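# from the sequence below, what's the structure:
(chains A and B)
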Amino acid sequence: MMNLSRSVALISLFLLPLLSFSFSVDNPTDRRVLVLLDDLSLKSSHSIFFSTLKSRGFDLDFKLADDSKLALQRYGQYLYDGLIVFAPSTERFGGSLDSKSIADFVDSGRDLILSADTSASDLIRGIALECGVDFDEDSSAMVIDHSSFSVSDGDHTLIAADDLVKSDAILGKTKIEAPVLFRGVAHSLNPTNNLVLKVLSASPSAYSANPSSKLSSPPQLTGSAISLVSVMQARNNARVVISGSLQLFSDRLFRSGVQKAGSPNKYEKSGNEQFATELSKWVFHERGHLKAGSLVHHRVGETDEPAIYRIKDDLEFSVEILEWSGKSWEPYVADDVQVQFYMMSPYVLKTLSTDKKGMFHTSFKVPDVYGVFQFKVEYGKLGYTTLSLSKQIPVRPYRHNEYERFIPTAYPYYGACFTTMAGFFVFSFVYLYHK
Amino acid sequence: MVKSTSKDAQDLFRSLHSAYSATPTNLKIIDMYVVFAVFTALIQVAYMALVGSFPFNSFLSGVLSCVGTAVLAVCLRIQVNKENKEFKCKTIVTNLGGIVAMFVIAV
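The predicted structure is shown next:
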């Protein structure tokens, strides 16, 4: 009996360090990533991309998409923190995976990289549709661009795209100079969906059609409405990258030079490697992930948080926001975080000033309205996690002994009372003693 | 037509004026007091219309004290008026001093 319990304790001691490597609130970078391939040769044809991921500390688990032992969860616990699906032609996943389990995976806050290609199956299209991305219905269509193609290509399907989204969080601070090479299918985004974003869009001269057959009617997807690579940040801050081309991540396009048709610039190396690396840093929460401490507020001159404010009080408000740098929490520096003093509509809206050490603070006067207010910080910057913090606080009017002793606007009323008293006094004398 | 109506108005006003001058002096004193109290109340209402009702409590106290004393003065006038025979039996004291004492206590 004793031996059994002691050995169990010893085993659990050894297992404890392993727990610290998994995904948690304090360490948001994913560690264990499942990579689904429909062909094991992708391991070697996309080796540069996978080796950059491994060198950043990710634990990649390569499996075939129809492997019958596939499972994302066991006994209610997720086995992986991230999922890369490079299996565009798989009709059905093996094991316990299907589009619903992948949707649940993203719902639990975990990240996904999904890539389609020219022969995208309905399964992959369905997963993309769950994330708000609509691939072209025609399964043989590819993106064709007769003015933005790479000159090394014959039939204008290898696009040299440089219409990137302007976001330091998603694509990193260094500008991607060379165009990004792309060959694959087009997708479009619903314009009313504010969770998806086009990271790489096609040029206005692109369209989606079958390259080997003659067009009988104008193509449905054209121009800048075509997105080549999109991202989605869900409301629980899970991040999804959906790409229309698997070749974009391949070693061949990483290494090839690029020259866009009609442009004299010839680049030795395409922008694909930098693009894919920066995007993978963003999707696995190595960049642009914010955490906020609690909201702190108090009257000017005090340190305790009061339970109720009075109208026209002066108060100070502060909040701490940290950014994950990939290894540690750094102070977040920005000048556009705002706080609202909100009751059905914001009565006060102030931009917080930062001390560059992660503390954001401001001070303002409570408005002349009483009720139950909320301090609300709603921060939704492009590429960063959305912060949605609120704290409730009531505001009361003046107590009757908090007014001035004699209110200046009421002097006529005071005067009226006294003249009435004087008038009564005079009247009573006059009335009783007149002749 | 117009001339006759204006002449009627003038005749009416003159008859009212002459009838009023026939009232005894003490009643006229009470009337003046009532007019003064109501006038003070009206001034306060005009002030509130200008400035807004901020210390509403003060406004109410001013106006209601003026109106209250006017009402009590009118009661006094009714009881003291010799032409109101029917009220005589209703008063507890019938002499002038008693009635005035009641007024004073009420104010």
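# near chain A, which residues of chain B?
Residues of chain B lying near chain A by Cβ under 8 Å from any Cβ of the partner chain: B:25-26, B:29-30, B:33, B:36-37, B:40-41, B:43-44, B:47, B:51, B:54-55, B:58-59, B:61-63, B:65-66, B:69, B:73, B:97, B:100, B:103-104, B:107. For the C-beta atoms, the positions are set from N, CA and C on the backbone; glycine is no exception.
# so where's the chain uncertain?
The chain I'm using is chain A. Residue ranges of chain A with pLDDT under 70: A:1-30, A:435.
# hmm, I had chain B in mind actually
The low-confidence ranges in chain B, as defined by pLDDT under 70, are B:1-4, B:84-103, B:106-107.
# thinking again about what came up before, buried only: go through the residues of chain B next to chain A for me.
Among the residues of chain B next to chain A, those classed as buried by 16 or more other Cβ atoms under 10 Å in any protein chain shown are B:26, B:29-30, B:33, B:36-37, B:40-41, B:43-44, B:47, B:55, B:58-59, B:61-63, B:65-66, B:69, B:73, B:100, B:103, B:107.
# now do the helices in chain A.
A:2-19, A:42-45, A:47-55, A:99-107, A:122-130, A:168-171, A:251-255, A:272-283, A:411-433 (DSSP state H).
# hey, which of the ones you listed is tucked in deepest?
The highest mean neighbour count among the helices of chain A, using mean count of other Cβ atoms under 10 Å in any protein chain shown, belongs to helix A:272-283: a mean of 23.
# run through who's touching that helix.
For helix A:272-283, contacts defined as Cβ atoms under 8 Å, 6 or more residues apart in numbering or on different chains pick out A:48-49, A:52-53, A:56, A:82, A:111-113, A:164, A:169-172, A:174, A:176, A:180-181, A:199-200, A:229, A:231, A:239-241, A:248-249, A:253-254, A:287-288, A:326, A:383.
# and stretch A:243-256, how far from the chain's centre?
The chain centroid and the centroid of stretch A:243-256 are separated by 25 Å, computed with Cα atoms, centre = their mean, to the nearest Å.
# now do the contacts for A:Ser294.
When contacts are counted by Cβ under 8 Å, 6+ apart, A:Ser294 touches A:319, A:389, A:391.
# gap between the second one and A:Arg299?
It stands for A:Leu389. According to Cβ to Cβ, to the nearest Å, A:Leu389 and A:Arg299 sit 20 Å apart.
# if we can go back for a sec, list only buried entries from the contacts of helix A:272-283.
Taking 16+ other Cβ under 10 Å as the criterion, what is buried in the contacts of helix A:272-283 is A:48-49, A:52-53, A:82, A:111-113, A:164, A:169-172, A:176, A:180-181, A:199-200, A:229, A:231, A:239-241, A:248-249, A:253-254, A:287-288, A:383.
# need the contact list for A:Ser108.
Contacts for A:Ser108 (Cβ under 8 Å, 6+ apart) come out as A:78, A:236, A:238.
# please read the previous query as pertaining to A:Ile407.
B:54-55, B:58.
# again, only this time at 7 Å
Shown in contact with A:Ile407 (Cβ atoms under 7 Å, 6 or more residues apart in numbering or on different chains): B:55, B:58.
# same deal with the one 10 residues further on?
For A:Cys417, the contacting residues are B:61-62, B:65, taking Cβ under 7 Å, 6+ apart as the criterion.
# try it again at 10 Å.
B:40, B:44, B:58, B:61-62, B:65-66 (Cβ atoms under 10 Å, 6 or more residues apart in numbering or on different chains).
# and if you look at A:Phe418?
If you count contacts by Cβ under 10 Å, 6+ apart, A:Phe418 has them with B:Gly62.
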